[in-house]
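1. Below is the sequence, then the predicted model.
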Amino acid sequence: DGRPVSAKDPRCHLVFPSMGRLGSELLASAFSGFGIRSTPLPVPDHEVLRLGRGNTSCKECLPLILVTGSLLKYLKDRTDNQEYLTYFMPTSGGGCRFTQYNVYLKKLVKR
């Protein structure tokens, strides 16, 4: 309805793509310590790869395919379809395509 919601609202859920087992777990733990419901996604498996390949052109680098597949698998398997989901997608400057991950994922979610 357009009203802002606190990140600490129990309906909000912050999900981290796999950035190495410890990296994602540490970030999720830190945010949980601040009262924000957070979950690190597991290391990608064959289903994540299949979902990612099915929703990209496969010309992208493997990490984009995996973060795409991880998000789609989470959405497929989640038990609370009413949660306010935030998918943590870091970005960076420079010539790496990593700067375009969040652009791609926003378009995917919109579609």
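-> Yes, it's here. Numbering: from 1, shown residues only.

2. those strands in this protein, which residues are they?
-> 12-16, 38-40, 84-87 (DSSP state E).

3. Could you name the helices and strands sitting against the second one?
-> Helices and strands touching strand 38-40, by 3 or more CB pairs under 8 Å, 6 or more residues apart in numbering; DSSP states H and E, are strand 12-16, helix 21-33. Heads up, the C-betas are built off the backbone N, CA and C, glycines and all.

4. Least confident of these, on average?
-> When the helices and strands packed on strand 38-40 are ranked by mean pLDDT, helix 21-33 comes last with a mean of 93.

5. what's the pLDDT at the residue nearest to the spatial centre of the chain?
-> For the chain, the residue nearest the mean C-alpha position is residue 87 (3.7 Å; CA atoms, centre = their mean). Looking at residue 87, its pLDDT reads 91.

6. and it, what does it touch?
-> Going by CB atoms under 8 Å, 6 or more residues apart in numbering, residue 87 touches 15, 17, 71, 74, 105.

7. Let me have the residues you listed in CSV, extended by distance to residue 56 and neighbour count.
-> Putting the contacts of residue 87 into CSV (distance: CB to CB, whole Å; neighbours: other CB atoms under 10 Å) gives the following:
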residue, distance to residue 56, neighbour count
15, 19, 22
17, 14, 24
71, 12, 23
74, 16, 18
105, 11, 17
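
8. Of all the residues you listed, the one with the weakest confidence?
-> The lowest pLDDT within the contacts of residue 87 belongs to residue 105, with 85.

9. Does that residue touch residue 68 like I think?
-> Yes. Under the criterion of CB atoms under 8 Å, residue 105 makes contact with residue 68 at 6.8 Å.

10. anything in contact with each of the two?
-> Common neighbours of residue 105 and residue 68 (CB under 8 Å, 6+ apart) do not exist.

11. Might you report the residue contacts of residue 84?
-> 5, 9, 11, 12, 13.

12. Tell me which residues are up against the helix or strand of the chain with the lowest mean pLDDT.
-> In the chain, the helix or strand scored least confidently by mean pLDDT, DSSP states H and E is helix 101-110, which has a mean of 84. Helix 101-110 is contacted by residues 55, 60, 63, 64, 67, 68, 71, 87, 89, 91 when judged by CB under 8 Å, 6+ apart.
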